[in-house]
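Enquirer: this one's sequence-less:
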């Protein structure tokens, strides 16, 4: 899902690891995170509400957000919903 978003920005060959940040490493802006939020909601439905997760963060936390934090949030949300993880 993230690869598809990055491909839209010509970043399909970008290195992605748990410590990769959306802002500094991938140079994605908050509007790009809105797009990612929509893709997550489309894929997982109400079980993963990334928009609510982001809304609870301070600006500096959003800027420092990593791929690992997103993955952890998705996994925790799916576990809380009692649903098996999807890839």
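Expert: Good, I have the coordinates. Predicted model, so just to flag it, every value in this text is computed and none were measured. Numbers count the residues shown, from 1 in each chain.

Enquirer: Ramachandran coordinates for residue 66?
Expert: phi -110, psi 160 (degrees, to the nearest 10).

Enquirer: Can you check the pLDDT for it?
Expert: pLDDT, residue 66: 95.

Enquirer: thought it was touching residue 24?
Expert: No - in this structure, residue 66 is not within contact of residue 24 by C-beta atoms under 8 Å, at 9.8 Å. In short, each C-beta sits where N, CA and C put it, glycine included.

Enquirer: between those two, which one's more packed in?
Expert: Between residue 66 and residue 24, residue 66 has the larger neighbour count (other C-beta atoms under 10 Å), namely 17 against 12.

Enquirer: The more buried one pairs with what?
Expert: residue 21 (DSSP bridges).

Enquirer: Contacts only, for it.
Expert: 18, 19, 20, 21, 22 (C-beta atoms under 8 Å, 6 or more residues apart in numbering).

Enquirer: Hmm, residue 77 and residue 49 touching each other?
Expert: Yes - between residue 49 and residue 77 a contact is recorded at 7.2 Å, counting by C-beta under 8 Å.

Enquirer: Looking at these two, which one has more neighbours?
Expert: residue 77 (20 against 16).

Enquirer: doesn't residue 48 make contact with the more buried one?
Expert: Yes - contact criterion C-beta under 8 Å: residue 77 and residue 48 qualify, at 4.5 Å.

Enquirer: Quick check: mean pLDDT of stretch 3-18?
Expert: On average, stretch 3-18 scores 81.

Enquirer: try stretch 30-50
Expert: 88.

Enquirer: How about the contacts made by the residue nearest the centre of the chain?
Expert: In the chain, the centroid-proximal residue (C-alpha atoms, centre = their mean) is residue 70; its distance is 4.6 Å. By C-beta under 8 Å, 6+ apart, residue 70 lies in contact with 22, 36, 50.

Enquirer: Check which residues of the strand or helix carrying it are buried.
Expert: Using DSSP states H and E, residue 70 sits within helix 67-80. With burial defined by 16 or more other C-beta atoms under 10 Å, the residues of helix 67-80 counted as buried are 67, 69, 70, 73, 74, 77, 78.
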